[in-house]
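1. pasting the sequence and the predicted coordinates here, then a few questions.
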Amino acid sequence: MESLTKKLAKNPRDASLHVLPMKHLNAGWLSNYLTEFGDCFSSVLAFKPTGWAYQGFDIHPQMAPDVRNKVVSLYALPYSEHSSYEELKRFVRFIKPKEIIPTVNADTVARQKKFAKIFSSWKVPDVVGRENVRQSHLSHFLRD
């Protein structure tokens, strides 16, 4: 985790990759964002993960931006926001968040307590095995 932390930048002007809230992934907001950092960047290439971009199984999809102007290119990428229980558990164990706030089916105190109990059990690692091997590959996507 320390090697990943070393790759993060506190100052957006020092980072070539910015992660933004989904609600900001539109041409108007991205153009304004670029104006704020125009001294460092000349254009924005954005990817919006969404289930609405799925077009079926195509071996060679023709990828075209949803939005393209002189400075902003915005692509919608097929993505499912739904993960299996085991995928969520592995992900939480991998990133080790300080807090998990459920946003679905947590409308009562009883349900919130139920989730808290489940999430706290995820903090205890499983026996070292396949789970750790699968997650270790995340570092392969990062540059040294």
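-> All right, it came through fine.

2. and the residue nearest to the spatial centre of the chain, how far from F41?
-> Most central in the chain under C-alpha atoms, centre = their mean is V19, positioned 7.7 Å from the mean C-alpha point. When distances are taken as C-beta to C-beta, to the nearest Å, V19 and F41 turn out to be 15 Å apart. For the C-beta atoms, the positions are set from N, CA and C on the backbone; glycine is no exception.

3. related to what we said a few turns ago, for the residue nearest to the centre of the chain, give me its contacts.
-> Taking C-beta atoms under 8 Å, 6 or more residues apart in numbering, we find V19 in contact with no residue.

4. just the pLDDT at it, thanks.
-> Turning to V19, the model gives it a pLDDT of 90.

5. what do you get for H82?
-> If you check H82, the pLDDT there is 73.

6. just the helices in this structure please.
-> In the chain, the segments counted as helices under DSSP state H are 2-6, 27-36, 85-95, 109-122, 130-136.

7. any weak-confidence spans in the protein?
-> Low-confidence segments of the chain (pLDDT under 70): 1, 51-65, 67, 78-81, 125-144.

8. nearest to N69 among the helices of the chain would be which one?
-> helix 27-36 (6.4 Å; C-beta to C-beta).

9. name the residues of that closest one that are buried.
-> Within helix 27-36, the residues that qualify as buried by neighbour count (16 or more other C-beta atoms under 10 Å) are 27, 29-30, 33-34.
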